[in-house]
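> Predicted model follows, preceded by the sequence.
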Amino acid sequence: MQKAILVGVNLNENLDFDHSMEELENLAEACEIEAAAQVVQNLPMVNNAFYIGTGKVEEVKNLVSMLDADCVIFDNSLTPSQQRNLQNQLEVPVWDRTNLILEIFDRRARTKEARLQVESANLQYLLPRLVGMRDALSRQGGGAGAGGGAGAGGGLSNKGAGEKKLELDRRRIEKRISELNRELKVMEKDRETQRKRRKESELPSVALVGYTNAGKSTLMNKMLDIWMGDTEKKVLEKDMLFATLDTTVRRISPGDNRDFLLSDTVGFISQLPHTLVKAFRSTLEEACTADLLLQVVDFSDPHHREQMEVTRETLKELQAGQIPCLYVMNKADLVMEESELPKVLGDRIYLSAKQGIGLAELLELIQKKLFGDYRECTFLIPYTDGAAVSRLQEQALVRSISYEADGVLISVSCKESDAGRYAAYAVSTSDDAETASERKGM
Ligand SMILES: Nc1nc2c(ncn2[C@@H]2O[C@H](COP(=O)(O)OP(=O)(O)OP(=O)(O)O)[C@@H](O)[C@H]2O)c(=O)[nH]1
Ligand SMILES: [Mg+2]
C-alpha cells in the first residue's frame, strides 16, 4: 500500500475543516493509499507559490523522508504552478483533492461510457498543467542552466525542442478530448432515445441521488428484493466512497399497477471537480429528467446537513433543482431506537435500507407523489365515443375492461382531469372524503 502525507490549510477558521480532512483520508483509502501523517496549517490567506508557508514546506519535506511517503496530498485545490513548485521542493508527486477523486473514478469506472467520461475529465485536468510544464522548461532553458535536465548547455535549441514536444502533446490531448466528447455525444443520444422510449411507456421515473456512501445502492437493492424478487439485477453496494459510477435503471412493480422506474447513480461529494460533473453529465442526466428525486441521506453522519447542502448545490448545477424531492434519512438504525422507526415527517422519512425498515412506507410516499392526483374510476362509455376509450387506454392505468351490451365498461386509475372530463360516464369513483383530504395533505 502506498503511503501519503495529507496536508490541509484551514483558511479563516473554517468549522468543517476537521471533517474535510477526515473525508480526504477516506478518499485516499478508496485509492488504496494510507495516510501516514496529517499536516495542517491555519492561514488567513494562502501562499501564492506553495499554498502553505515555506516553513511548512520544510516540515512536510522532513516528514516525507522520515516516514518514507510516496506522495503528498492536499485537501485544497492547487493551481498548476503551486503543484509544480511543491513537487520540485518535495521531490515526490503532489496531488490535490481533485486529483484523488479523478484517480478513484479512473480505477473504478467499468462501463464504456464511464471510462470515456473519466478519460475526458483527466485530460482536461492535465491540460493546463502541461502548459505549466512548458513554462518551467522555457525558464530552465533561458536561465543560468543549473537544472538537472538532459544535455546541459543546450540553451535555445533545447528549449525549442522541449516546447515543440509539449506543444505536440498539448495538441494530441486536445484532439483526444474532442474525440472523446464526440463519442460521448453519440452515447448521450442513445441514452436520450432510450429515455424517450421509457417516457412513451408512461412509466414515471424516480432517481436516487445524494452524497457518496449514503446507501443509494443498498436502497435500490432492497426495493428490487421486495418488489421484484430479483437478485440478478442487483447493483454493487459497498462501504467505500464512489462504489457506483454508472447509472442503472430498473422497473419496480409493486403489483398494484402503479409501476415506476428507479435509477441508481454516482454519488456527490464536497468539491466534486467541475470537470467531472461536466463529464458525468450524461450519466447524471437520468437524475435531471426524473419525475421525482429520492435524496438519500446518511442520517447517522454528524455532517449530514452539510452533505444535504452539497447535494442541493450539485443538483442545482445539473439543473435538477426544481424536481420534486423526498428526503430519505437512511441509516437511522444507527442513531434511533428501532421502536421509533420508520418515522414520516412530511416529505422526510427516517428508515434503514440495510435492515429493511420503512420500505413499505417509503413506497407509499413515492406513489403518492407520483400518482397522487390519480383516482380510481369506473366508466361505462357508449360505443359511439371510441375516442374516450382510446384516450383512457393511453393516459390511464386500465385495471379492467369489458365490452357490455350498452358500452365499454372500463375501470381505471386516471388523472383528476380525466375523471372530470368523463364524469358523465362515471359508474363509480374513489372520491371519498379520505382520499380527498389525503390529496390536499400532499
Ligand atoms: N447501518 C446501516 N448501514 C447502511 C444502511 N444503508 C446502507 N448502509 C451501508 O452503507 C454503505 C454504503 O452503501 P451503498 O449503498 O454502497 O452507498 P451508495 O450511496 O450507493 O454509495 P456510492 O455508490 O459510493 O455513492 C454499505 O456498507 C452499506 O451496507 C442502513 O440503513 N444502515
Ligand atoms: Mg452506490
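It's in. Numbering: from 1, shown residues only. Ligands and ions are numbered 1, 2, ... in the order given.

> What pairs with the helix or strand hosting residue 35, parallel or antiparallel?
Assigned by DSSP states H and E, residue 35 belongs to strand 33-43. Applying DSSP bridges to the sheet, strand 33-43 is found paired with strand 2-11 (parallel).

> could you pull out the helices for this structure?
17-30, 54-67, 80-90, 97-108, 112-142, 155-200, 216-228, 274-279, 281-288, 304-317, 359-371, 386-395, 416-421, 433-441 (DSSP state H).

> Next, the angle from the third one to helix 97-108.
This means helix 80-90. Interaxial angle of helix 80-90 relative to helix 97-108 (axes from the mean of the first three to the mean of the last three Cα atoms, to 10 degrees): 90 degrees.

> Which positions in the stretch 1-150 of the chain make contact with ligand 2?
The stretch 1-150 of the chain comes close to ligand 2 at no residue, as judged by Cβ under 5 Å from the ion. C-beta: built from backbone N, CA, C; applies to glycine.

> any weak-confidence spans in the stretch 1-150 of the chain?
For the stretch 1-150 of the chain, the stretches with pLDDT under 70 are 131-150.

> How about the contacts made by whichever residue of it sits closest to ligand 2?
Going by Cβ to the ion, ligand 2 is nearest to residue 108 of the stretch 1-150 of the chain, at 10.6 Å. Going by Cβ atoms under 8 Å, 6 or more residues apart in numbering, residue 108 touches 242-243, 245.

> quick one on the thing from earlier: adding distance to ligand 1, write the helices of the chain out as CSV.
Formatted as CSV, the helices of the chain follow (distance: least, Cβ to the nearest ligand atom, whole Å):
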stretch, distance to ligand 1
helix 17-30, 9
helix 54-67, 29
helix 80-90, 27
helix 97-108, 9
helix 112-142, 12
helix 155-200, 19
helix 216-228, 3
helix 274-279, 13
helix 281-288, 12
helix 304-317, 11
helix 359-371, 11
helix 386-395, 35
helix 416-421, 35
helix 433-441, 27
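
> Could you break the chain into its assigned domains?
2-107, 111-188, 203-371, 374-441 (automatic domain parsing).

> Ok, which of these comes nearest residue 196?
domain 203-371 (9.9 Å; Cβ to Cβ).

> That closest one and ligand 2, are they touching?
Yes. For domain 203-371, a contact with ligand 2 is found by Cβ under 5 Å from the ion, at 216-217, 243-244.

> can you pick the most crowded of those?
residue 216 (29 neighbours; other Cβ atoms under 10 Å).

> Name the nearest residue to residue 203, sequence neighbours excluded.
residue 261 (5.2 Å; Cβ to Cβ, 6 or more residues apart in numbering).

> show me what contacts that neighbour?
198, 203-206, 249-252.

> repeat for residue 311
By Cβ under 8 Å, 6+ apart, the neighbours of residue 311 are 209-211, 268, 295, 297.

> Can you tell me which residue of the stretch 151-300 of the chain sits closest to ligand 1?
residue 267 (2.6 Å; Cβ to the nearest ligand atom).

> number of nearby residues for the nearest residue to that residue once chain neighbours are set aside?
Closest residue in space to residue 267, ignoring its immediate chain neighbours: residue 212 at 3.2 Å, by Cβ to Cβ, 6+ apart. For residue 212, the count of nearby residues is 24 (other Cβ under 10 Å).

> which residues does residue 212 contact?
241-243, 266-269.

> Okay, strands next: where are they in the stretch 201-350 of the chain?
205-210, 248-252, 260-264, 292-298, 325-330, 343-345, 348-350 (DSSP state E, counting those that start in this stretch).

> Please list all residues in contact with the nearest residue to residue 249 once chain neighbours are set aside.
Once flanking residues are discounted, residue 249 sits nearest to residue 263: 4.5 Å by Cβ to Cβ, 6+ apart. For residue 263, the contact set (Cβ under 8 Å, 6+ apart) comprises 205-208, 247-250, 286-287, 290.

> And the furthest pair within these?
Farthest pair in the contacts of residue 263, by Cβ to Cβ: 250 and 287, 14.7 Å.

> Looking at those two, which has the bigger crowd around it?
Remark: of residue 250 and residue 287, residue 287 carries more neighbours, 23 against 19, as counted by other Cβ under 10 Å.

> That one is in contact with residue 205, isn't it?
No. Using Cβ atoms under 8 Å, residue 287 makes no contact with residue 205, being 9.5 Å away.

> can you list the residues that contact stretch 57-64?
5, 7, 36-37, 39, 50, 52, 69, 72, 86, 89-92.

> Return that stretch as CSV; C-alpha atoms alone will do.
Extracted in CSV, the C-alpha atoms of stretch 57-64 (Å, rounded to 0.1, in the frame of the first residue of the first chain):
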residue,chain,number,x,y,z
VAL,A,57,7.0,23.0,3.1
GLU,A,58,10.2,22.1,5.0
GLU,A,59,8.2,20.3,7.7
VAL,A,60,6.4,18.3,5.1
LYS,A,61,9.7,17.5,3.4
ASN,A,62,11.1,16.1,6.6
LEU,A,63,8.1,14.0,7.2
VAL,A,64,8.2,12.6,3.6
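
> Just give the closest residue to residue 234, not the sequence neighbours.
Closest to residue 234 by Cβ to Cβ, 6+ apart is residue 221, at 4.8 Å.

> tell me the contacts of that neighbour?
The contact partners of residue 221, taken as Cβ under 8 Å, 6+ apart, are 234-235, 237.

> so which of the residues you listed also contact ligand 1?
Intersecting the contacts of residue 221 with the contacts of ligand 1 gives residue 237 (criterion: Cβ under 6 Å from any ligand atom).

> Could you give me the PyMOL selection string for whichever of the contacts of residue 221 are buried?
For the buried members of those, the matching PyMOL selection, counting by 16 or more other Cβ atoms under 10 Å, is:
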select buried, resi 234+235+237
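
> and the least confident of the contacts of residue 221?
In this model, the minimum pLDDT among the contacts of residue 221 belongs to residue 234 (78).

> Pretty sure that one sits against residue 224.
Yes. Applying Cβ under 8 Å, one finds residue 234 in contact with residue 224, separated by 6.2 Å.

> From residue 422, how far off is residue 395?
Distance from residue 395 to residue 422, counting by Cβ to Cβ, to the nearest Å: 11 Å.

> ok, the two, which is more surrounded?
residue 422 (21 against 14).

> Tell me the predicted confidence for the closest residue in space to the more buried one that isn't next to it in sequence.
Leaving aside its chain neighbours, residue 422 sits nearest to residue 379 (5.4 Å; criterion: Cβ to Cβ, 6+ apart). Note on residue 379: pLDDT of 95.

> which residues does residue 379 contact?
388, 392, 408-410, 412, 422, 425-427 are the contacts of residue 379 under Cβ under 8 Å, 6+ apart.

> run the last query once more with 7 Å
410, 422, 425-427 (Cβ atoms under 7 Å, 6 or more residues apart in numbering).

> pLDDT and distance to residue 186 added to those residues, as a markdown table?
Putting the contacts of residue 379 into a markdown table (pLDDT from 0 to 100; distance: Cβ to Cβ, whole Å) gives the following:
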| residue | pLDDT | distance to residue 186 |
| --- | --- | --- |
| 410 | 95 | 43 |
| 422 | 92 | 44 |
| 425 | 94 | 48 |
| 426 | 92 | 49 |
| 427 | 89 | 51 |
